[in-house]
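coordinates only, sequence not included:
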């Protein structure tokens, strides 16, 4: 809607007074100061929409998300507090910052180490055994005696009814 207004405003301003009065166009127009403010906000909306799309990308990592937030905070200081790693909206700030530090190879604080240790992989060489079988697993296994019997007696699948 804002983008449409910005595009239409020059055309609306170029109409003659009689046409503008007849169609009551003047009541839809903002003053010059308001229009300038709207154009500035439109640029901001376009920037933030680009970041929003990046945050919804399925390949985005936590480090990438942190970089996006840091960039927006630098470009728009008014939102920096809302996007900070310790903002009220962040449920587990030490966990999130710990994960980012692990991925980027940075040193963790004691609190981050304590919180992240539950996710640490055990250094064992034991192979993980499959504890559950897929419903479809038998479909792809070789059949034992029954297939051999059918084949040796000439009773292939074409003879079964």
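Received it, and whenever you're ready, just let me know what you need. Here the structure is a predicted model, which means the values were calculated and not measured.

and the longest helix seen in the chain, what does it pack onto?
The longest helix of the chain (DSSP state H) is helix 32-55. Helices and strands touching helix 32-55, by 3 or more CB pairs under 8 Å, 6 or more residues apart in numbering; DSSP states H and E, are helix 2-13, helix 62-75. For the C-beta atoms, the positions are set from N, CA and C on the backbone; glycine is no exception.

what does the first one rub up against?
Looking back up the chat, that one is helix 2-13. 20, 25, 28, 29, 30, 35, 38, 39, 41, 42, 45 (CB atoms under 8 Å, 6 or more residues apart in numbering).

Next, format the residues you listed as JSON lines and append distance to residue 113, neighbour count and pLDDT.
Below are the contacts of helix 2-13 laid out as JSON lines (distance: CB to CB, whole Å; neighbours: other CB atoms under 10 Å; pLDDT from 0 to 100):
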{"residue": "20", "distance to residue 113": "68", "neighbour count": "17", "pLDDT": "77"}
{"residue": "25", "distance to residue 113": "65", "neighbour count": "14", "pLDDT": "81"}
{"residue": "28", "distance to residue 113": "60", "neighbour count": "12", "pLDDT": "79"}
{"residue": "29", "distance to residue 113": "60", "neighbour count": "15", "pLDDT": "82"}
{"residue": "30", "distance to residue 113": "55", "neighbour count": "12", "pLDDT": "83"}
{"residue": "35", "distance to residue 113": "54", "neighbour count": "15", "pLDDT": "88"}
{"residue": "38", "distance to residue 113": "49", "neighbour count": "15", "pLDDT": "91"}
{"residue": "39", "distance to residue 113": "49", "neighbour count": "14", "pLDDT": "91"}
{"residue": "41", "distance to residue 113": "43", "neighbour count": "12", "pLDDT": "91"}
{"residue": "42", "distance to residue 113": "45", "neighbour count": "14", "pLDDT": "92"}
{"residue": "45", "distance to residue 113": "41", "neighbour count": "13", "pLDDT": "91"}
